[in-house]
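**Q** Model the following, please.
(4 chains)
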2 protein chains.
Amino acid sequence: MKDPLSRTFAALADPTRRAMLARLSEGEANVSDLAEPFLKDMSLPAVTKHLKVLEAAGLITKGRKAQWRPCQLNGEPLREAVDWMEEHRVAWEAQLDRLGAYLKTKTKGTRHGRK
Amino acid sequence: MKDPLSRTFAALADPTRRAMLARLSEGEANVSDLAEPFLKDMSLPAVTKHLKVLEAAGLITKGRKAQWRPCQLNGEPLREAVDWMEEHRVAWEAQLDRLGAYLKTKTKGTRHGRK
DNA sequence: CGTGTAATACACCATCAGGTTAATTAATCT
DNA sequence: AGATTAATTAACCTGATGGTGTATTACACG
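**A** Numbers count the residues shown, from 1 in each chain, chains lettered A, B, ... in the order given. Next up is the predicted model:
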(Lines give C-alpha, C1' and ligand atoms only; values in the text may rest on other atoms or scores of the structure.)
Protein backbone atom coordinates (compact mmCIF):
# COMPACT_ATOMS: atom_id res chain seq x y z
CA MET A 1 0.00 0.00 0.00
CA LYS A 2 1.66 3.17 -1.16
CA ASP A 3 0.88 6.72 -0.27
CA PRO A 4 -0.76 8.86 -2.97
CA LEU A 5 2.27 10.99 -3.64
CA SER A 6 4.47 7.98 -4.21
CA ARG A 7 1.88 6.51 -6.48
CA THR A 8 1.79 9.69 -8.51
CA PHE A 9 5.56 9.83 -8.92
CA ALA A 10 5.68 6.14 -9.73
CA ALA A 11 3.04 6.64 -12.39
CA LEU A 12 5.12 9.43 -13.89
CA ALA A 13 8.24 7.26 -13.92
CA ASP A 14 7.47 5.78 -17.32
CA PRO A 15 7.80 7.49 -20.69
CA THR A 16 4.80 5.69 -22.12
CA ARG A 17 2.58 6.91 -19.34
CA ARG A 18 3.98 10.43 -19.52
CA ALA A 19 3.25 10.47 -23.24
CA MET A 20 -0.28 9.35 -22.54
CA LEU A 21 -0.75 12.15 -20.05
CA ALA A 22 0.68 14.60 -22.54
CA ARG A 23 -1.80 13.36 -25.10
CA LEU A 24 -4.63 13.65 -22.62
CA SER A 25 -3.67 17.17 -21.74
CA GLU A 26 -4.83 18.02 -25.24
CA GLY A 27 -8.23 16.60 -24.48
CA GLU A 28 -10.25 13.49 -23.89
CA ALA A 29 -9.28 10.33 -25.75
CA ASN A 30 -10.33 6.71 -25.99
CA VAL A 31 -8.08 3.84 -25.06
CA SER A 32 -7.36 3.02 -28.68
CA ASP A 33 -6.52 6.64 -29.42
CA LEU A 34 -4.06 6.60 -26.58
CA ALA A 35 -2.73 3.23 -27.63
CA GLU A 36 -2.19 4.11 -31.27
CA PRO A 37 1.32 5.60 -30.98
CA PHE A 38 2.54 2.58 -29.04
CA LEU A 39 0.98 -0.35 -30.85
CA LYS A 40 4.20 -0.88 -32.79
CA ASP A 41 6.04 -1.22 -29.49
CA MET A 42 3.58 -3.10 -27.33
CA SER A 43 0.27 -4.90 -27.22
CA LEU A 44 -3.10 -3.46 -26.32
CA PRO A 45 -3.29 -5.23 -22.96
CA ALA A 46 -0.01 -3.57 -22.06
CA VAL A 47 -1.61 -0.22 -22.78
CA THR A 48 -4.59 -1.13 -20.65
CA LYS A 49 -2.22 -1.87 -17.80
CA HIS A 50 -0.51 1.48 -18.10
CA LEU A 51 -3.87 3.16 -18.00
CA LYS A 52 -4.74 1.20 -14.91
CA VAL A 53 -1.63 2.56 -13.23
CA LEU A 54 -2.59 6.08 -14.17
CA GLU A 55 -6.12 5.49 -12.97
CA ALA A 56 -4.95 4.00 -9.67
CA ALA A 57 -2.84 7.10 -9.16
CA GLY A 58 -5.92 9.21 -9.79
CA LEU A 59 -4.28 10.89 -12.73
CA ILE A 60 -7.00 9.93 -15.13
CA THR A 61 -10.62 8.94 -14.98
CA LYS A 62 -12.21 6.56 -17.43
CA GLY A 63 -15.78 7.06 -18.56
CA ARG A 64 -17.82 4.79 -20.78
CA LYS A 65 -19.61 5.54 -23.98
CA ALA A 66 -20.86 2.38 -25.64
CA GLN A 67 -17.79 0.19 -26.09
CA TRP A 68 -15.41 3.11 -25.73
CA ARG A 69 -13.70 4.28 -22.58
CA PRO A 70 -13.11 8.00 -22.97
CA CYS A 71 -10.22 8.94 -20.68
CA GLN A 72 -9.87 12.29 -19.04
CA LEU A 73 -6.94 13.81 -17.30
CA ASN A 74 -7.21 14.74 -13.65
CA GLY A 75 -4.71 17.37 -12.65
CA GLU A 76 -5.26 17.20 -8.92
CA PRO A 77 -2.55 14.65 -7.98
CA LEU A 78 -0.15 16.35 -10.34
CA ARG A 79 -0.65 19.55 -8.49
CA GLU A 80 0.16 17.77 -5.28
CA ALA A 81 3.37 16.49 -6.81
CA VAL A 82 4.32 19.96 -7.97
CA ASP A 83 3.45 21.25 -4.53
CA TRP A 84 5.89 18.85 -2.94
CA MET A 85 8.61 19.97 -5.28
CA GLU A 86 7.90 23.64 -4.81
CA GLU A 87 8.11 23.14 -1.09
CA HIS A 88 11.78 22.29 -1.43
CA ARG A 89 12.54 24.29 -4.49
CA VAL A 90 14.08 27.17 -2.63
CA ALA A 91 16.64 24.93 -1.02
CA TRP A 92 17.40 23.26 -4.34
CA GLU A 93 17.88 26.51 -6.12
CA ALA A 94 20.31 27.54 -3.42
CA GLN A 95 22.14 24.28 -3.90
CA LEU A 96 22.17 24.86 -7.63
CA ASP A 97 23.59 28.31 -7.17
CA ARG A 98 26.21 27.01 -4.81
CA LEU A 99 27.16 24.35 -7.34
CA GLY A 100 27.17 26.87 -10.12
CA ALA A 101 29.47 29.13 -8.19
CA TYR A 102 31.71 26.23 -7.37
CA LEU A 103 31.92 25.14 -10.97
CA LYS A 104 32.73 28.64 -12.03
CA THR A 105 35.81 28.57 -9.84
CA LYS A 106 36.93 25.14 -11.06
CA THR A 107 36.32 25.18 -14.80
CA LYS A 108 35.80 28.31 -16.74
CA GLY A 109 34.09 26.88 -19.77
CA THR A 110 31.01 26.62 -17.55
CA ARG A 111 29.51 24.78 -20.54
CA HIS A 112 25.91 25.37 -19.64
CA GLY A 113 24.51 23.21 -22.39
CA ARG A 114 20.90 22.92 -21.28
CA LYS A 115 18.33 23.10 -24.04
CA MET B 1 17.97 1.24 -19.27
CA LYS B 2 15.75 4.08 -18.25
CA ASP B 3 15.75 7.66 -19.37
CA PRO B 4 16.86 10.30 -16.85
CA LEU B 5 13.42 11.76 -16.32
CA SER B 6 11.94 8.38 -15.52
CA ARG B 7 14.77 7.70 -13.15
CA THR B 8 14.13 10.97 -11.38
CA PHE B 9 10.43 10.32 -10.94
CA ALA B 10 11.11 6.75 -9.86
CA ALA B 11 13.55 8.03 -7.27
CA LEU B 12 10.88 10.39 -5.95
CA ALA B 13 8.33 7.60 -5.76
CA ASP B 14 9.35 6.57 -2.28
CA PRO B 15 8.64 8.39 0.98
CA THR B 16 11.97 7.39 2.52
CA ARG B 17 13.87 8.89 -0.36
CA ARG B 18 11.75 12.02 -0.40
CA ALA B 19 12.43 12.45 3.29
CA MET B 20 16.13 12.08 2.64
CA LEU B 21 16.00 14.74 -0.03
CA ALA B 22 14.07 16.99 2.30
CA ARG B 23 16.74 16.47 4.93
CA LEU B 24 19.46 17.21 2.41
CA SER B 25 17.77 20.38 1.31
CA GLU B 26 18.70 21.68 4.75
CA GLY B 27 22.33 20.97 4.06
CA GLU B 28 24.98 18.34 3.66
CA ALA B 29 24.68 15.16 5.72
CA ASN B 30 26.49 11.88 6.21
CA VAL B 31 24.92 8.54 5.49
CA SER B 32 24.35 7.82 9.16
CA ASP B 33 22.75 11.23 9.65
CA LEU B 34 20.39 10.48 6.83
CA ALA B 35 19.80 6.98 8.11
CA GLU B 36 19.05 7.96 11.68
CA PRO B 37 15.31 8.67 11.31
CA PHE B 38 14.77 5.32 9.59
CA LEU B 39 16.89 2.93 11.58
CA LYS B 40 13.85 1.84 13.56
CA ASP B 41 12.15 0.91 10.31
CA MET B 42 14.97 -0.53 8.28
CA SER B 43 18.58 -1.59 8.26
CA LEU B 44 21.57 0.44 7.22
CA PRO B 45 22.14 -1.46 3.99
CA ALA B 46 18.59 -0.59 3.02
CA VAL B 47 19.47 3.05 3.50
CA THR B 48 22.58 2.64 1.40
CA LYS B 49 20.43 1.26 -1.37
CA HIS B 50 18.06 4.18 -1.26
CA LEU B 51 21.00 6.52 -1.48
CA LYS B 52 22.29 4.58 -4.45
CA VAL B 53 18.98 5.12 -6.20
CA LEU B 54 19.15 8.83 -5.50
CA GLU B 55 22.73 8.92 -6.68
CA ALA B 56 21.95 7.00 -9.86
CA ALA B 57 19.22 9.53 -10.57
CA GLY B 58 21.77 12.29 -10.11
CA LEU B 59 19.77 13.77 -7.27
CA ILE B 60 22.62 13.58 -4.82
CA THR B 61 26.38 13.37 -4.92
CA LYS B 62 28.43 11.57 -2.35
CA GLY B 63 31.79 12.89 -1.28
CA ARG B 64 34.25 11.27 1.09
CA LYS B 65 35.81 12.61 4.21
CA ALA B 66 37.72 9.91 6.09
CA GLN B 67 35.18 7.16 6.73
CA TRP B 68 32.23 9.46 6.17
CA ARG B 69 30.32 10.00 2.96
CA PRO B 70 28.93 13.52 3.08
CA CYS B 71 25.96 13.67 0.75
CA GLN B 72 24.90 16.74 -1.10
CA LEU B 73 21.72 17.48 -2.93
CA ASN B 74 21.81 18.19 -6.63
CA GLY B 75 18.78 20.12 -7.80
CA GLU B 76 19.40 19.83 -11.50
CA PRO B 77 17.33 16.70 -12.25
CA LEU B 78 14.57 17.99 -10.04
CA ARG B 79 14.37 21.08 -12.12
CA GLU B 80 14.01 18.94 -15.19
CA ALA B 81 11.14 17.10 -13.55
CA VAL B 82 9.45 20.37 -12.64
CA ASP B 83 10.07 21.56 -16.19
CA TRP B 84 8.22 18.55 -17.58
CA MET B 85 5.29 19.25 -15.33
CA GLU B 86 5.20 22.93 -16.07
CA GLU B 87 5.12 22.11 -19.74
CA HIS B 88 1.73 20.52 -19.29
CA ARG B 89 0.55 22.53 -16.37
CA VAL B 90 -1.58 24.88 -18.40
CA ALA B 91 -3.60 22.02 -19.79
CA TRP B 92 -3.99 20.50 -16.35
CA GLU B 93 -5.15 23.70 -14.83
CA ALA B 94 -7.74 23.95 -17.55
CA GLN B 95 -8.82 20.42 -16.75
CA LEU B 96 -8.98 21.30 -13.09
CA ASP B 97 -11.08 24.32 -13.81
CA ARG B 98 -13.36 22.26 -15.97
CA LEU B 99 -13.68 19.71 -13.21
CA GLY B 100 -14.17 22.43 -10.66
CA ALA B 101 -16.93 23.95 -12.71
CA TYR B 102 -18.50 20.56 -13.15
CA LEU B 103 -18.38 19.83 -9.45
CA LYS B 104 -19.88 23.19 -8.75
CA THR B 105 -22.92 22.19 -10.74
CA LYS B 106 -23.20 18.78 -9.06
CA THR B 107 -22.38 19.42 -5.43
CA LYS B 108 -22.28 22.82 -3.93
CA GLY B 109 -19.90 22.25 -1.01
CA THR B 110 -16.95 22.52 -3.40
CA ARG B 111 -14.86 21.63 -0.35
CA HIS B 112 -11.56 22.99 -1.55
CA GLY B 113 -9.53 21.64 1.32
CA ARG B 114 -6.03 22.07 -0.06
CA LYS B 115 -3.58 23.74 2.25
C1' DC C 1 -28.78 -13.77 -34.73
C1' DG C 2 -24.10 -13.48 -36.24
C1' DT C 3 -20.11 -10.42 -37.04
C1' DG C 4 -16.88 -6.72 -36.12
C1' DT C 5 -14.88 -3.66 -32.83
C1' DA C 6 -13.28 -1.68 -28.17
C1' DA C 7 -11.49 -2.96 -24.30
C1' DT C 8 -10.57 -5.94 -20.42
C1' DA C 9 -9.41 -10.32 -17.86
C1' DC C 10 -6.58 -14.22 -17.19
C1' DA C 11 -2.49 -16.98 -16.90
C1' DC C 12 2.03 -16.74 -17.36
C1' DC C 13 6.96 -15.06 -17.43
C1' DA C 14 11.24 -12.18 -16.69
C1' DT C 15 13.10 -8.49 -14.44
C1' DC C 16 13.38 -5.05 -10.93
C1' DA C 17 12.62 -2.98 -6.20
C1' DG C 18 13.03 -3.05 -1.47
C1' DG C 19 14.17 -5.42 2.20
C1' DT C 20 17.01 -8.84 5.11
C1' DT C 21 21.56 -10.87 7.44
C1' DA C 22 26.25 -11.62 7.43
C1' DA C 23 30.75 -10.41 5.79
C1' DT C 24 34.01 -6.88 4.22
C1' DT C 25 36.46 -2.54 3.42
C1' DA C 26 38.46 1.60 5.09
C1' DA C 27 39.63 4.98 8.20
C1' DT C 28 40.40 6.53 13.16
C1' DC C 29 41.78 6.03 17.93
C1' DT C 30 44.33 4.02 21.63
C1' DA D 1 48.72 -4.15 16.32
C1' DG D 2 43.91 -4.22 17.88
C1' DA D 3 39.41 -2.24 18.46
C1' DT D 4 35.81 0.90 16.93
C1' DT D 5 33.20 3.40 13.64
C1' DA D 6 31.17 4.40 8.90
C1' DA D 7 29.62 2.50 5.16
C1' DT D 8 29.43 -0.85 1.45
C1' DT D 9 29.15 -5.51 -0.70
C1' DA D 10 27.23 -10.00 -1.39
C1' DA D 11 23.76 -13.41 -1.42
C1' DC D 12 19.29 -14.06 -0.86
C1' DC D 13 14.01 -13.54 -0.52
C1' DT D 14 9.44 -11.53 -1.71
C1' DG D 15 6.36 -8.93 -4.14
C1' DA D 16 5.49 -5.56 -7.73
C1' DT D 17 6.12 -4.09 -12.73
C1' DG D 18 5.86 -4.56 -17.49
C1' DG D 19 5.34 -7.33 -20.93
C1' DT D 20 3.25 -11.46 -23.63
C1' DG D 21 -0.74 -14.39 -25.95
C1' DT D 22 -5.29 -16.05 -25.64
C1' DA D 23 -9.96 -15.76 -24.15
C1' DT D 24 -13.84 -12.99 -22.87
C1' DT D 25 -17.14 -9.20 -22.26
C1' DA D 26 -19.95 -5.65 -24.11
C1' DC D 27 -21.84 -3.03 -27.46
C1' DA D 28 -23.35 -1.67 -32.47
C1' DC D 29 -24.67 -2.89 -36.96
C1' DG D 30 -26.81 -5.26 -40.76
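**Q** And the strands in chain A?
**A** A:60-62, A:71-73 (DSSP state E).
**Q** Out of the ones you listed, flag the one nearest residue B:6.
**A** Closest approach to residue B:6 among these is made by strand A:60-62 (18.5 Å; C-beta to C-beta). For every residue, glycine as well, the C-beta is placed using N, CA and C.
**Q** Wait, residue A:13 touches residue B:14, no?
**A** No. Using C-beta atoms under 8 Å as the test, residue A:13 is too far from residue B:14 to be in contact (10.5 Å).
**Q** of all the strands of chain A, which lies closest to residue B:53?
**A** strand A:60-62 (26.8 Å).
**Q** Go ahead and confirm residue A:15 touches residue B:3.
**A** Yes. Judged on C-beta under 8 Å, residue A:15 makes contact with residue B:3 at a distance of 6.0 Å.
**Q** Name all residues that make contact with residue A:19.
**A** Shown in contact with residue A:19 (C-beta atoms under 8 Å, 6 or more residues apart in numbering or on different chains): A:37-38.
**Q** actually residue A:48, sorry about that
**A** residue A:31.
**Q** So for it, what's the pLDDT?
**A** Listed pLDDT for residue A:48 reads 98.
**Q** Up against chain B, what does chain A have?
**A** A:2-3, A:5-10, A:12-15, A:18, A:21-22, A:25-26, A:72-76, A:78-79, A:81-82, A:84-85, A:88-89, A:91-93, A:95-96, A:99 (C-beta under 8 Å from any C-beta of the partner chain).
**Q** Please indicate which of those residues are buried?
**A** Among the residues of chain A next to chain B, those classed as buried by 16 or more other C-beta atoms under 10 Å in any protein chain shown are A:5-10, A:12-14, A:18, A:21, A:25, A:73-76, A:78-79, A:81-82, A:84-85, A:88-89, A:91-92, A:95-96, A:99.
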